[in-house]
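Enquirer: quick one, what's the 3D model for this:
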Amino acid sequence: MKYGVSVRTIQRRLDKVVVAQQFYRPKESIVLMDTTYFGRDFGVMVFKDTEGHHLYWKFVKYETISEYVAGIRHLENQGIKVKGIVCDGRKGLFKALQDYPVQMCQYHQVAIVMRYITRKPKVQASRELKEIVHLLPHTDKESFWGALDEWHSKWEEYINTRAINPETGKSRYVHKRLRSAYKSLERNKQYLFTWYDSMELGLPNTNNQLEGTFTALKNKLRNHNGLSRKRKEKFINEFLKAFTLGIVNK
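Expert: The predicted model follows:
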């Protein structure tokens, strides 16, 4: 027993420490928001500004539209003017946030397409779409949509090919996953270049800053395997505050 105090005694004393949550309060902010998980029903939803401050966070079982909207309302109730929002493409979220300029994280969109066509597509149409979609976070609006329109003109007939299912007698798309990949871009078109259409706001085109927080947090937690959920929550609370203050590396 080093220093005459056992590990359990130290843990008990630390468990009794209560540190009030103190959130940074700017007058206005671009809000980056997303959720990361530490198990099936243990996640933390984080709202961060583009200056690196964590404005608000909440432990959740799973992310919902209502939780995100409640988070934005909470920031506004604290006197923060929300100038714009960067988020993923969760169904229904854009409609719920229609009163704000919203930028969909372009890397989330890339990930959606890649889930449909895979990272090593076998057909030429998918390989060409992969090349185009990887340009998304690195190019301007006109160049991206111009390239995608050319792709669509070339492959429109191919992706709309239908065949009869002999078992059901119903018609289906032959290249359904490729078509769905393209349709996801079409569906999210309005929100993929908000940063470009409203440059005066200073919206980032991705949630990379917030993803950096999540990566750093999980790396730190790996060094403390075996923590109870209560202790993990305390660790996460203090980490997010310290990250904002620059006490831990960003």
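
Enquirer: domain-wise, how is the protein divided?
Expert: Domain segmentation of the chain under automatic domain parsing yields 17-104+207-250, 106-193.

Enquirer: put together JSON lines for those, with mean pLDDT and distance to Glu200 on each row.
Expert: (Glycine included, C-beta is placed from N, CA and C.) Shown next, in JSON lines, are these (pLDDT from 0 to 100; distance: least, CB to CB, whole Å):
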{"stretch": "domain 17-104+207-250", "mean pLDDT": "89", "distance to Glu200": "10"}
{"stretch": "domain 106-193", "mean pLDDT": "97", "distance to Glu200": "14"}
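
Enquirer: distance to Met199 and mean neighbour count for those domains - can I get that in TSV?
Expert: Below are the domains of the chain laid out as TSV (distance: least, CB to CB, whole Å; neighbours: other CB atoms under 10 Å):
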stretch	distance to Met199	mean neighbour count
domain 17-104+207-250	11	16
domain 106-193	10	15
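
Enquirer: now distance to Leu201 too, for those domains, in a markdown table please.
Expert: Shown next, in a markdown table, are these (distance: least, CB to CB, whole Å):
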| stretch | distance to Leu201 |
| --- | --- |
| domain 17-104+207-250 | 5 |
| domain 106-193 | 13 |
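
Enquirer: hey, which strand is longest across this structure?
Expert: Counting residues, the longest strand in the chain under DSSP state E turns out to be strand 28-37.

Enquirer: touching it from outside, list them.
Expert: 43-50, 55, 60, 63, 68, 71-72, 75, 80-88, 105, 201-204, 207, 209-211, 214, 217-218 (CB atoms under 8 Å, 6 or more residues apart in numbering).
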